[in-house]
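**Student:** following is a predicted model, sequence given first.
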Amino acid sequence: MTNIVVVGMQWGDEGKGKIVDLLCPAFDVVARYQGGHNAGHTVRFGDSHFSLRLIPSGILHPEVQCVLGNGMVIDPAAFAEEVAKLAEAGVSADGRLFVSERAQVIFPEHAALDLLREAAAGSGKIGTTGRGIGPAYETKVGRSGLRVCDLGASDVEERLRTLLVRLESESTALGGAGGGHPVRVADQCRAWAEQLAPYRADTAELLQDAARAGKRIMLEGAQGSMLDVDHGTYPFVTSSSATAGGACIGSGLPPSAIGGVLGVLKAYTTRVGGGPLPTEDTGEAGEYLRKRGNEFGTVTGRPRRCGWLDLVAARYSQALNGVDAVALTKLDVLDGFAEIPVCVGYRYRGELLRRFPAEGRALAEAKPEYQALPGWRKSTVGMLDYDELPQAARDYVAFVEDRLEVPMALVSTGPRREETILRDGPPLRRLVGDRLPVPPR
């Protein structure tokens, strides 16, 4: 039985939520392993539309267990709000949603500091969501943070004093107000402990037991590989390990339990926030991609920066993650173009680069080297049979497949779950086994 990691191959917003949702019938457990409520997953099927932030897309499948792993940072208020909204929509999380007792807690003071830093950064803004993700990970690594299991501890007030003093010191230096009083915040922690009690679990043990029992686990990353804190476009990155390598650390599963990696790649490129984006198009084409692809943040509503597919970045991601097969999303957004440029290299100071540079300055100055492919100028929206795609669309998919040397196992032709082509064959079967999901017609 194969346990897999589903990982974004770009700067996030590749459509992982839809792909995870689609594949859920082939799995018993879905686990998030990093990030917080800065991540957004949009799931559509039929007339239903769900925007998820913390909770995996698997929650929409009653037979699937969902896990928020130890590598995540959890805002208890945001968690409670999301659970309540799901309940209002008729989706129950009772008995099948589990929060790691080792996950770090985000406090309002983290979010306040996040906003103050962005305001003080001026033109050097990272472009964070202001949810406190970065400061929470910093206090985790600085060993002053609190975990879910600490919220109801007898010494919670004493531990809070250390955390709040550190956060308040920087906040006041940036012109912010003082932090919360330890006694008041301790009362809030106890309330959160009670609120989270039905969901709290040793999720590493839970996942290990599930793997030993032969249950199939899908590990879901947030953001994308190019935002990974180690391997992304530093410093314009998230604060956790968004690549497949982070799945073991953030879940408690050993590497030997992972049997495959599915990369999710959008047919063009987008990015939210600051940082280099070599293939960005700030003209009419970029605006067309934004409107046609509805490229606005699920969490923030911010317009995404849009551009052409960057195969230098995609090859880099494929190698980092060991991607076995790719889900190519939003192919239909390209329907209107007569010609589609694809970046196959970077031109930097007279040299053609085919590897992804570590230096931010080199990436910011690099000019994309494009190869123009013919467009198809026909609608592919909702197509379910690969052979029915226009020849030029199939040529586009084949070009990407050839350059990455990885098969395109799924091709998305619309935002809904059912608008997906599953290319049945060994690559897909190796990832999902004999429980191949069939999108409803």
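**Tutor:** All right, it came through fine.

**Student:** going by C-alpha atoms from here, please, whenever you check contacts or count neighbours.
**Tutor:** Fine.

**Student:** which SS state does the nearest residue to residue 423 once chain neighbours are set aside fall under?
**Tutor:** What sits nearest to residue 423 in space, not counting adjacent residues and going by CA to CA, 6 or more residues apart in numbering, is residue 409, at 5.2 Å. Assigned by DSSP: H, G, I helix; E, B strand; the rest coil, the conformation of residue 409 is strand.

**Student:** quick one: contacts for residue 409?
**Tutor:** Applying CA atoms under 8 Å, 6 or more residues apart in numbering to residue 409 gives the contacts 325, 326, 327, 422, 423, 424, 425, 427, 428.

**Student:** surely the third one is in contact with residue 420?
**Tutor:** No: using CA atoms under 8 Å, residue 327 makes no contact with residue 420, being 9.6 Å away.

**Student:** and for those two, which residues touch both?
**Tutor:** For the pair residue 327 and residue 420, residues contacting each of them under the criterion CA under 8 Å, 6+ apart are 410, 411, 412.

**Student:** sort out which residues of stretch 251-267 are buried, please.
**Tutor:** Using 16 or more other CA atoms under 10 Å as the test for burial, stretch 251-267 gives 251-253, 257-258, 260-267.

**Student:** as CSV, the residues you listed with secondary structure and pLDDT would be great.
**Tutor:** Formatted as CSV, the entries for those read as follows, by DSSP: H, G, I helix; E, B strand; the rest coil; pLDDT from 0 to 100:
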residue, secondary structure, pLDDT
251, helix, 98
252, coil, 98
253, coil, 97
257, helix, 96
258, coil, 96
260, strand, 96
261, strand, 97
262, strand, 97
263, strand, 98
264, strand, 98
265, strand, 98
266, strand, 98
267, coil, 98
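
**Student:** need the buried ones from the contacts of residue 409 selected in ChimeraX.
**Tutor:** Here the buried members of the contacts of residue 409 are turned into a ChimeraX selection, burial being counted by 16+ other CA under 10 Å:
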select :325,326,327,422,423,427,428
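
**Student:** could you find the lowest-pLDDT member of the contacts of residue 409?
**Tutor:** The pLDDT minimum for those sits at residue 424, where the score is 84.

**Student:** residues contacting it?
**Tutor:** By CA under 8 Å, 6+ apart, the residues touching residue 424 are residue 409.

**Student:** checking it next. Helix, strand or coil?
**Tutor:** Residue 424 falls in the coil class when you classify it by three-state DSSP.

**Student:** now it: phi and psi?
**Tutor:** Here is the backbone geometry of residue 424 (degrees, to the nearest 10): phi -60, psi 130.

**Student:** cool, and residue 373?
**Tutor:** Residue torsions, per degrees, to the nearest 10, at residue 373 are phi -110, psi 150.

**Student:** show me what contacts it?
**Tutor:** Under the criterion of CA under 8 Å, 6+ apart, the contact list for residue 373 reads 339, 340, 341, 342, 396.

**Student:** can we see that at 10 Å?
**Tutor:** 338, 339, 340, 341, 342, 392, 393, 395, 396, 399 (CA atoms under 10 Å, 6 or more residues apart in numbering).

**Student:** including distance to residue 96, could the contacts of residue 409 go into CSV?
**Tutor:** Conversion of those to CSV gives the following (distance: CA to CA, whole Å):
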residue, distance to residue 96
325, 29
326, 29
327, 27
422, 28
423, 31
424, 30
425, 32
427, 30
428, 27
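
**Student:** and which of the contacts of residue 409 is nearest to residue 354?
**Tutor:** Relative to residue 354, the closest of the contacts of residue 409 is residue 326; by CA to CA it sits at 20.6 Å.
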